[in-house]
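**Q** no FASTA, just this:
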């Protein structure tokens, strides 16, 4: 796999997830069997905005060349997905998520964290 294709996949997943959370936070949270108050909706929508921004960044840098940029982008996305992996794994193990959807969230974060780690620590183009 090339980094370009991982970034395209990142862009699609992040943009769709972010748009869903910004536009319909209660609906998205209910898929995970989560409920929240107005502060939680605000924080969810804020997180959705971050997803959209990171998705847009992934789309915009998919064709950019340069070792320094490559290192910065892959490190940023690797750390981002490692943090999301830890949060998703913790919530899943605590039973806060619907089991199946929680396991998908954990698997997606693991995939992206491992993918960006691969491109961060290898010389492949």
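**A** Received the coordinates, thanks. A quick note: this is a predicted structure, and the numbers were derived from the prediction, not measured. Residues are numbered from 1 along each chain as shown.

**Q** Give me the residues contacting stretch 47-61.
**A** If you take C-beta atoms under 8 Å, 6 or more residues apart in numbering as the criterion, stretch 47-61 is touched by 7-8, 10-15, 17-22, 25, 69, 73, 77, 80. No exception for glycine: its C-beta is placed from N, CA and C like everyone else's.

**Q** Pull out the buried members of those residues.
**A** 7, 10-11, 13-15, 17-19, 21-22, 25, 73, 77, 80 (16 or more other C-beta atoms under 10 Å).

**Q** out of those, what pair is the most spread apart?
**A** Across these, the longest distance by C-beta to C-beta is 28.0 Å; it joins 25 and 73.

**Q** Average pLDDT for stretch 22-35, rounded please.
**A** For stretch 22-35, the per-residue pLDDT values average out at 88.

**Q** Can you name every helix or strand that the worst-scoring helix or strand of the chain on mean pLDDT contacts?
**A** Here the helix or strand of the chain ranked lowest by mean pLDDT, DSSP states H and E is helix 25-31, holding a mean of 89. Judged by 3 or more C-beta pairs under 8 Å, 6 or more residues apart in numbering; DSSP states H and E, the packing partners of helix 25-31 are helix 3-23, helix 38-61.

**Q** and the shortest one with helix 38-61, angle?
**A** Regarding helix 3-23 and helix 38-61, their directions subtend 150 degrees when assessed with axes from the mean of the first three to the mean of the last three C-alpha atoms, to 10 degrees.
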